[in-house]
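Trainee: got a sequence here, can you build the structure:
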Amino acid sequence: MTIKRIGNDRTGVDGQTLPFSPAVRAGGFVYVSGQIAMNNRGEVEPGGI
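Mentor: Numbering: from 1, shown residues only. Got it, this is the predicted structure:
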């Protein structure tokens, strides 16, 4: 089964790679995830979800 990550690569503080994607296609399925907003520095943006 081929797994394809959909979306931009995500980085956190100090440019570390974060282990998630906005969506993943596996076989005939697409799995999507909700994520908390992050600013340009890779920090969590305050406020509601």
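Trainee: my read: Gly12 touches Ile36, true?
Mentor: No - with contact defined as Cβ atoms under 8 Å, Gly12 does not reach Ile36; the gap is 11.7 Å. To be clear about C-beta, it is placed using only N, CA and C from the backbone, and glycine gets the same treatment.
Trainee: higher neighbour count, these two?
Mentor: Gly12 (14 against 8; other Cβ atoms under 10 Å).
Trainee: what's the closest non-adjacent residue to the more buried one?
Mentor: In space, and not counting its chain neighbours, Gly12 is closest to Gly42: 4.3 Å by Cβ to Cβ, 6 or more residues apart in numbering.
Trainee: contacts only, for the one you found.
Mentor: Gly42 is in contact with 11-16, counting by Cβ atoms under 8 Å, 6 or more residues apart in numbering.
Trainee: may I ask which of the residues you listed has the most neighbours?
Mentor: Using other Cβ under 10 Å as the neighbour criterion, Gly12 leads the contacts of Gly42 with 14 neighbours.
Trainee: quickly note the distance from that one to Asn40.
Mentor: From Gly12 across to Asn40, the span is 12 Å (Cβ to Cβ, to the nearest Å).
Trainee: same deal with Gln16?
Mentor: The value you get for Gln16 to Asn40, if Cβ to Cβ is used, is 15 Å.
Trainee: check Val30 too.
Mentor: Counting by Cβ to Cβ, the separation of Val30 from Asn40 is 28 Å.
Trainee: of these two, give the one with the bigger neighbour count.
Mentor: A count of neighbours by other Cβ under 10 Å puts Val30 above the other of Val30 and Asn40, at 11 against 5.
Trainee: quick one: residues contacting that one.
Mentor: 6, 23-24.
Trainee: part of a strand, is it?
Mentor: Yes - under the criterion used here (DSSP: H, G, I helix; E, B strand; the rest coil), Val30 sits inside a strand.
Trainee: just list whatever residues bridge to it.
Mentor: Using DSSP bridges, the beta-bridge partners of Val30 come out as Arg25.
Trainee: the strands in this structure, which residues?
Mentor: Using DSSP state E, the strands found in the chain span residues 3-6, 23-26, 29-32.
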